[in-house]
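> coordinates only, sequence not included:
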């Protein structure tokens, strides 16, 4: 039987090796084209959206505007330029993005084409936020007891 030596965690993950890994990542990152770096940043936003809509935590509440701001910052454009690109008035678009108006298919498709994301994502953000609002309101359950149909009939 061979005498095997156990590898210790510290032998693999120590400061020196962590720094070597960081340096390697930085050197490889510097070799990427500007287009690739931009694509990575845009993918990062898409992953944040996916994480948000699949996470069951309703305490954290992001509006459509929060995600759109991430795209605009990454692409270095203003909200007015974005609205113009979507053939919309800035004030009208803003009402959709803050949730004052319900998202419709045309707006969702425009945003999804612009961001290269699934249009469903934008609806799912809106729905998640509505469910969070419903859960908060549901805590005041006693206020809604008067609407129970059993209050109308004699037992």
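Thanks, I have it. Owing to the predicted nature of the structure, the values given are computational and were not obtained by experimental measurement.

> so where is the chain shaky, pLDDT-wise?
Scanning the chain for pLDDT under 70 picks out the ranges 1-3, 155.

> helices along this structure, start to end?
When secondary structure is read from DSSP state H, the chain shows helices at 9-12, 15-30, 34-54, 64-75, 79-85, 90-97, 105-115, 119-138.

> list the buried residues for the second one?
Along helix 15-30, no position meets the burial threshold by neighbour count (16 or more other CB atoms under 10 Å). Every residue, glycine included, has its C-beta placed from N, CA and C.

> follow-up on the earlier one: wait, which of the helices of the chain is closest to residue 144?
helix 119-138 (8.3 Å; CB to CB).

> quick one: the nearest residue to residue 103 once chain neighbours are set aside and residue 148, what's the gap?
Leaving aside its chain neighbours, residue 103 sits nearest to residue 126 (5.1 Å; criterion: CB to CB, 6 or more residues apart in numbering). Separation of residue 126 from residue 148 (CB to CB, to the nearest Å): 29 Å.

> neighbour count winner among those two?
residue 126 (18 against 8; other CB atoms under 10 Å).

> hang on, that one packs against residue 64?
Yes - contact status for residue 126 versus residue 64: in contact at 6.7 Å, counting by CB atoms under 8 Å.

> which neighbours do the two share?
Residues touching both residue 126 and residue 64 (CB atoms under 8 Å, 6 or more residues apart in numbering): 99, 103.

> now render the helices of the chain as JSON lines, adding distance to residue 153.
What follows is the helices of the chain, written out as JSON lines (distance: least, CB to CB, whole Å):
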{"stretch": "helix 9-12", "distance to residue 153": "68"}
{"stretch": "helix 15-30", "distance to residue 153": "69"}
{"stretch": "helix 34-54", "distance to residue 153": "41"}
{"stretch": "helix 64-75", "distance to residue 153": "43"}
{"stretch": "helix 79-85", "distance to residue 153": "53"}
{"stretch": "helix 90-97", "distance to residue 153": "43"}
{"stretch": "helix 105-115", "distance to residue 153": "41"}
{"stretch": "helix 119-138", "distance to residue 153": "24"}
